[in-house]
Structures are given as C-alpha cells and as structure tokens.
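> model the structure of this input:
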Amino acid sequence: MEDLILRPRLNDYHKILLNQGRTDFFIPFLDEDLPLYVDPFLLWKSDISLDTSLHGALVDSFNYLGALYSQGKEAQATNILISASECNEVGLGTSSNKMGKRIGKTSATQILNLFTDIPQLKECGFTHFEEIQLLVEGISKDRISDISCSLLSSFLVDYTQDQCVRHGIPMTMVETEIFSPQKKVFIRLSKELPINPKTNCPIWLIPKRWLRQMPWMNPDDFFNRYLPSANPKIKLSRPEIIDYNRLHYLQVEGYTRQKEASAEELKSDPLFKQIPVASAKRTIADIRKLSTGNQDKSDKIYEEKVCRLLATLLYPQLDFAQTQSRTESGCQIRDLVFYNNCSEPIFKEIFDKYSSYQLVFELKNVKEISREHIAQVNRYLNENFGKFGVIVTRNRPSSKIKRHLIDLWSGQRKCILVITDEELQLMVDLYENKQRKPYEVIKKLLVEFHRSCPQ
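Below you'll find the predicted structure:
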C-alpha cells in the first residue's frame, strides 16, 4: 500500500479509513515530519485537568534535572537532558527523514548551568521551562517540543495504545525508551506500539490540542514585540540580549507574566487551515478572468489558485494530501491529491466502486479538453489511483468528449468527472452560504454521470 499512496500516513498503510478532522490525535506521516510542535503552554492553560496535571509533571521533571546538577551529579543530569532533546517517535518538526539530532554536551551544560547561575531558578526552578529559549543560544521550538514529548513519554505510550485500540490500528511488540516519572530516568521497555513500516521504529501519537506552529513563548515574540515595549533602551544583538537575560532574569519573568495574563488568546493550531470566504471569492474571480493556455504563465497561476481553492472547499470531508507534478508526452501536468477516508456516503461509493484510496484531480487550463487529456488521466489511474479521477478545467466538455467518457466507463469501468469554472463557482457559493457543503457538487456530477451511463 505504501508504494501506491502519495505522502502515506500510518492509517493508509494499514488501509484504515480515518478522517484527520475527526480524530483526537495527529495522524503521522510515514515519510516526513509535520511542521507543528508541542507547546507546553497549551497544557498549562488547558481546561482539561489531565493536561494541567501533565504540565506540572513535565516542569517537575525538568526542574529535577536542575536539582541533580546542583547536587553535583552533573554527568547524570547532562545525559538525561541530552536523551530528552530529540524525540523521533512523534514525527513533529521539519526533518526530511524523520531522524533528528540530539543537543551536544555543551548545550546541555549551558541549560543546566541556569539552575546554578540564576538565583530565582536555583531557589524555585522554572514555572515555564520554555524560558530556556531566551537564556541559551540555539534553543528553539523544536527542542522545547522534543523535550516535552520525551519527559511525557510514559503518558504518550499509554495514550497511543488507547487510541490504537479505539481505531483498530495494528501494534507490534517493540522496544522503546520512555522517561519514568517515578524513577526520573529513561528506561528501555518492550511495548505494543504502532511502527513505521519503512523503519520498524515505534510511533507515539500526539493529541492535536497540544500542537502549535509557534510556541506561545518564543524568541521572535520576545525580541520583536515584548522587548521593544518593555525595555526600548536596549540596543543589543540577540546573542548579547540572551547573555543580558541571564544576568537580569527579571526581564524574562516579566515576559512570562505577560504571556500568562494573555493566555486566553492561546489556541492550538489546526493541522490544515482553510482560506477565508473572502479569499475564496477573490480566488474564483481571479480564476474566471484568466486566459486559457500558458500565455503570461496563466497555466501556472491557474494551477496554484485551483489547488489552494479545492483544498479549502473539500475540507474536512477530504483531507488534502499534496500536489504533485509529473511529465507525460512532454507536458508538465499538475495533480491535486486527496486522501479518501470515506467520510461521506459519496466517497464511500467511490471507494467501493472504483477502488480509490486517494482521489486525484488533474488541472487543465485549456479552452476545451481533448481525448488526449482523457487518455493521460486514464493511463495515470491505471498506475496508482484506482478507477476514479477528476479533470478540473475551464469549460464544459463537448458532446463528443462526454460520449467518450461514457464509453470509457462502459469498456473499462473508469469514471472521470469534469469540474469547470461554473462548478467551482457553485462550490464557492456553497462555501459562503453554509447551507450545503461544497463537496456535494461532486456528488451531483457523479449522480449525473452514472445516469448517463448504460445500465
């Protein structure tokens, strides 16, 4: 299955139909990480008592490392922090091969020295350990996220097992390293967990409500927004200000208090964000003004705008997979691909009749589609995507092309629908008025196509 699916996810490999919008956890990709991060502030601010309890356990574990270090057990504290600094099991971040790097001994020592160099931390420890981003050079959101996941790994393993049982995701007995909240050390255990079939490495699932693109407390926010208003006289470089912060920790405490006070604004980030209605209306208006063909790069503009528009209009009924370009007969072709999670009866019908695990939309900025365009889609569907496809183009197909599409269904039981500017406009109208869903335009086209086919 992984060889047939573009941008495969864990559930796609196991042929389990899951809609990302309806699951509590982020569905991990098998080939890449998701550029979102666990934000501890979301746990601190949460109305869910479990999350606030986990935040307390997280901060206690991090402060425990400082206590170890202050007691002269530098090597033990350093090794634990280094181990916690990378968490490949969760699939978060920007790594292209799902394998990140741990921090070195120098960075770990700089972090742990905070507990001895800053009086407030020596006495009370951190309330929000994300402050280390403002006190040590080179520590950013990916490290905060990985440390959080590593120190909460005991919970994440239990959470993963529970979600896998609920959704029927297969698990395998595999070794995994977790942080024991009782013993305050990393231990290696054999656990039943889902694995990445390409690497055989364990996978931990993460609640979506913990994820943000940028932590609530982050260096850019501190340097660009807080510092100019709180201390406008400071004219230092970022490294110099980080050094200054260690000597003037009250400045960091002021920033933390401000972020706590404004936490009502804090929300997790969605895994996919739809464009606003106004943007959708502008986009379809721009599309309808475009000339056909490739003059002034109108074909590229068309592809970009249609991709952006359809990804929004079909969400959350269809999860966006990716765009991909391919070359056929000397032509560059842009496809838009969605996961078919069978979230609605219409997509279940497509799945059952045409074996389509993913739905491919081929984009053609031409005045009139031809038999060759259909032949290109036909060959493509044979290779990867079952027997259902969609051509998105500017104008309605001619009677001859409609007849050809019906003949293709009669001979090979392949269904190719055609979405034109008019259907795109209707989908945008439905997106605006909210009375019906844009995907129902596809349902209408499919019903009409089936009625036109010989019974």
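> where does the chain have low pLDDT?
For the chain, the stretches with pLDDT under 70 are 1-4, 95-100, 323-334, 383-384.
> in it, where's the longest helix?
Using DSSP state H, we find that the single longest helix of the chain is helix 49-70.
> ok, and what's touching stretch 162-170?
Leu10, Asn11, His14, Ile16, Leu18, Thr23, Asp24, Phe25, Met171, Leu193, Pro194, Leu205 (Cβ atoms under 8 Å, 6 or more residues apart in numbering). Glycine gets a C-beta too; all of them are placed from N, C-alpha and C.
> need the residues you listed in a markdown table with secondary structure, can you?
Output for the contacts of stretch 162-170, formatted as a markdown table (DSSP: H, G, I helix; E, B strand; the rest coil):
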| residue | secondary structure |
| --- | --- |
| Leu10 | helix |
| Asn11 | helix |
| His14 | coil |
| Ile16 | coil |
| Leu18 | coil |
| Thr23 | coil |
| Asp24 | coil |
| Phe25 | strand |
| Met171 | coil |
| Leu193 | strand |
| Pro194 | coil |
| Leu205 | coil |
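> and the buried ones among the residues you listed, selectable in ChimeraX?
To isolate the buried ones among those in ChimeraX, judged by 16 or more other Cβ atoms under 10 Å, type:
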select :10,11,18,23,25,171,193,194,205
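> number of residues surrounding Ile350?
23 (other Cβ atoms under 10 Å).
> now do the same contact list for it.
Counting by Cβ under 8 Å, 6+ apart, Ile350 has contacts Asn340, Ser356, Leu359, Phe388, Cys415, Leu446.
> which stretches in the stretch 1-150 of the chain count as helices?
With DSSP state H, counting those that start in this stretch, the ranges of helices along the stretch 1-150 of the chain come out as 10-13, 40-45, 49-70, 74-84, 105-117, 119-124, 141-151.
> one step back: the longest helix of the chain: which residues count as buried?
Those would be 51, 54-55, 57-59, 61-66, 68-70, for helix 49-70 by 16+ other Cβ under 10 Å.
> cool, and stretch 286-303?
So stretch 286-303, judged by 16+ other Cβ under 10 Å, has buried residues Ile287, Leu290, Thr292, Asp299, Ile301, Tyr302, Glu303.
> and these, which two are the farthest apart?
Across those, the longest distance by Cβ to Cβ is 12.8 Å; it joins Thr292 and Glu303.
> give me the common contacts of those two.
Contacts common to Thr292 and Glu303, judged by Cβ under 8 Å, 6+ apart, are Asn365.
> so which pair among the buried residues of helix 49-70 is furthest apart in space?
If you compare every pair in the buried residues of helix 49-70 using Cβ to Cβ, the most distant one turns out to be Asp51 and Ser70, at 28.9 Å.
> coming back round to it: switch the contacts of Ile350 over to a markdown table; also include distance to Leu42, neighbour count and secondary structure.
Converted to a markdown table, the contacts of Ile350 look like this (distance: Cβ to Cβ, whole Å; neighbours: other Cβ atoms under 10 Å; DSSP: H, G, I helix; E, B strand; the rest coil):
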| residue | distance to Leu42 | neighbour count | secondary structure |
| --- | --- | --- | --- |
| Asn340 | 31 | 24 | coil |
| Ser356 | 36 | 22 | coil |
| Leu359 | 33 | 23 | strand |
| Phe388 | 39 | 23 | strand |
| Cys415 | 44 | 24 | strand |
| Leu446 | 41 | 18 | helix |
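> next, format those as CSV and append distance to Pro438.
Output for the contacts of Ile350, formatted as CSV (distance: Cβ to Cβ, whole Å):
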residue, distance to Pro438
Asn340, 16
Ser356, 19
Leu359, 14
Phe388, 18
Cys415, 20
Leu446, 14
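> give me phi/psi at the closest residue to Glu344 other than its chain neighbours?
Leaving aside its chain neighbours, Glu344 sits nearest to Gln317 (5.4 Å; criterion: Cβ to Cβ, 6 or more residues apart in numbering). Main-chain torsions, Gln317, degrees, to the nearest 10: phi -60, psi -30.
> list the contacts of Gln317.
Asn19, Ser343, Glu344, Phe347, Lys437, Tyr439.
> would you mind measuring from the fourth one to Tyr69?
Pointing back at Phe347 there. Computed as Cβ to Cβ, to the nearest Å, the Phe347 to Tyr69 distance reads 55 Å.
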